[in-house]
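In: pasting the sequence and the predicted model now:
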Amino acid sequence: MITPSRFLLLGAAAAAVVAPAASAANVQSANQAKCTAKTAGAAVGDSALWMAVENYGQKGTLQRALGGPMAKVDTKTGRQFSEGITTMRSVLGTKPCAVVIALGTNGPVKPQQWREMMAVVKRAPRVVVVNTYTKDHRTRRDGQQQFWMEQVNRDIARLSRSNKNVRVVDWYRVASRRSSVLEPDGVHPSARGSKQYVALIVKALRQK
């Protein structure tokens with residue numbers, strides 16, 4: 001087993017589902033398409049999703065929810081959001097039933113990057129976005145100490161209000177209240193947390 005201490009990362013993962021409000025800003029259907037081999041979805045994430053699906057063996061569970069072995073689950077430690085956009089573009093099929101985005105745990109995300117990602121996944125009738133938690137989420141920019149975790153999570157919450165096909169998984173709420181769902185680094189989901197992380201992504205994928 002690979003431990004998270006080997007990586008100098010900031011990270012997070014997944015839990016309580018927040019239902020989005022309807023908005024005319026996005027007229028895509030919010031109805032979930034049936035995930036099959038022909039309509040398999042995709043998941044792209046950083047070290048938090050990697051810990052759950054690769055290190056703690058939850059990949060099969062997530063793939064089944066996304067249509068089976070043909071579903072793409074692409075995770076990488078230290079992944080920045082810009083790379084996640086490129087990866088999603090490369091792994092997403094022509095008629096995906098759903099996508100999962102578990103990014104934004106390694107640094108700030110610009111508004112333009114969120115818009116670009118939403119354009120990439122717009123053909124998916126269901127988009128599940130996992131928000132972030134980490135005990136150390138500070139970075140320095142122009143000599144100022146900024147707290148990017150809160151901003152990332154605020155931007156993710158806004159996505160559900162402006163995109164009818166978006167469902168948010170509120171990992172911050174769970175991880176900030178239950179230390180048992182995290183590894184000692186306070187960043188990556190533990191074995192128990194990984195099962196919960198993936199179970200709640202699956203719940204969001206199936207949510208009406």
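Out: That came in fine, so what should we check first? Residues are numbered from 1 along each chain as shown.

In: and the contacts of stretch 53-62?
Out: By CB atoms under 8 Å, 6 or more residues apart in numbering, the surrounding residues in contact with stretch 53-62 are 1-2, 43, 45, 52, 71, 73, 75, 100, 189, 191, 194-195, 197-199, 201-202. The way it works is simple: take the backbone N, C-alpha and C, and place the C-beta from them, glycine included.

In: let's see it at 7 Å
Out: Residues outside stretch 53-62 that contact it (CB atoms under 7 Å, 6 or more residues apart in numbering) are 1, 2, 43, 52, 73, 75, 191, 194, 195, 198, 201, 202.

In: please save the CA atoms from that stretch in PDB.
Out: Taking Å, rounded to 0.1, in the frame of the first residue of the first chain, the C-alpha atoms of stretch 53-62 are listed here in PDB:
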ATOM      1  CA  VAL A  53      -9.900   4.200  -6.100                       C
ATOM      2  CA  GLU A  54      -6.400   3.000  -6.500                       C
ATOM      3  CA  ASN A  55      -4.800   2.800  -3.000                       C
ATOM      4  CA  TYR A  56      -8.000   1.600  -1.300                       C
ATOM      5  CA  GLY A  57      -9.500  -0.400  -4.100                       C
ATOM      6  CA  GLN A  58     -12.700   1.400  -4.800                       C
ATOM      7  CA  LYS A  59     -12.100   1.800  -8.600                       C
ATOM      8  CA  GLY A  60     -14.400  -1.100  -9.500                       C
ATOM      9  CA  THR A  61     -17.300   0.400  -7.600                       C
ATOM     10  CA  LEU A  62     -16.900   3.700  -9.300                       C
END
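
In: against residue 206, how distant is the closest residue to residue 91 other than its chain neighbours?
Out: Of all residues not flanking residue 91 in the chain, residue 72 sits nearest, at 4.0 Å (CB to CB, 6 or more residues apart in numbering). The spacing between residue 72 and residue 206, counted by CB to CB, to the nearest Å, is 19 Å.

In: which of the two has more neighbours?
Out: More neighbours surround residue 72 than the other of residue 72 and residue 206, with 20 against 14 (other CB atoms under 10 Å).

In: now do the phi/psi pair for that one.
Out: phi -90, psi 120 (degrees, to the nearest 10).
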